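# Need coordinates for the below:
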Amino acid sequence: RKESSQSSSSSQQQETETSSSPDQSKKGSLPSQPNDVMPYDTAMPSNNDTVQDPMPYDAQEQDESNSLQREVALLAATVQNDLESVQQVEARMTEITALLSRFSELMTEQQEDIALIHQAAEKSKQNVDKGQDHLVDAAERVRQSRHYMATVIT
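A predicted model of the protein is given here:
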């Protein structure tokens, strides 16, 4: 208990000394007593540390801000490029849809003409077949109507 009360009284004494001295309460000042705690951003590295002095807080904050701004700009550019690509694809799809629609309209318009052409082709084939049958019949009649005598004389 005796040690606790001594450490309490010494910490109270240190607090009064710290609050009475305006130079010691400033950021970055060295502690006057070994038990005084230094703020985290002004702590000095020990002899064993090989860490270089850290950048001041404002410089680190500025670097982070610049880094975030660059990242935001990069993301914005990426989104803009993606948006342009999507718009190009959308325009091409609209164009393709219009072409397919026009193709469908032309097929519908030409359907009747195609049907007429098909009917004409069928009728022509039938006529050719009939004509061939007539030629075969005519050749047969010519052969049957020959006079044997006329062929013998010649």
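
# pLDDT at K123, what is it?
On pLDDT, K123 comes in at 97.

# for the chain, what are the low-confidence residue spans?
Scanning the chain for pLDDT under 70 picks out 1-57, 147-154.

# go again using 50 as the cut-off
Low-confidence segments of the chain (pLDDT under 50): 1-29, 41.

# for it, which helix is longest?
helix 57-144 (DSSP state H).

# Next, the contact list for V128, please.
Shown in contact with V128 (Cβ atoms under 8 Å, 6 or more residues apart in numbering): no residues. No exception for glycine: its C-beta is placed from N, CA and C like everyone else's.

# So what's the residue count around D129?
Close neighbours of D129, defined as other Cβ atoms under 10 Å, add up to 10.

# any idea how far L116 lies from E122?
L116 is 11 Å from E122, where distance means Cβ to Cβ, to the nearest Å.

# Repeat that for S85.
For S85, the distance to E122 equals 52 Å [Cβ to Cβ].

# now swap in R102 and tell me
Distance of R102 to E122, given as Cβ to Cβ: 30 Å.

# Then L135?
21 Å.

# How about D82?
Applying Cβ to Cβ, the value for D82 to E122 is 57 Å.

# what do you get for L68?
L68 is 77 Å from E122, by Cβ to Cβ.

# got it, and N81?
Applying Cβ to Cβ to N81 and E122 gives a distance of 59 Å.

# do D133 as well
17 Å.

# same question, E90
Distance, E90 to E122, by Cβ to Cβ: 47 Å.

# got it, and A73?
A73 sits 71 Å away from E122, taking Cβ to Cβ as the criterion.

# go on, I114?
As judged by Cβ to Cβ, I114 and E122 stand 13 Å apart.

# What of L106?
Applying Cβ to Cβ, the value for L106 to E122 is 24 Å.

# Near N66, how many other residues are there?
Other residues near N66 number 10, with proximity taken as other Cβ under 10 Å.

# Which residues are in contact with it?
By Cβ under 8 Å, 6+ apart, the contact set of N66 is empty.

# how near is it to Q60?
For N66 relative to Q60 (Cβ to Cβ), the value is 11 Å.

# ditto for R146
Plainly put, R146 is 122 Å away from Q60 if you go by Cβ to Cβ.

# who's more crowded, the two?
Each of R146 and Q60 has its neighbours counted (other Cβ under 10 Å); Q60 has more, 12 against 9.
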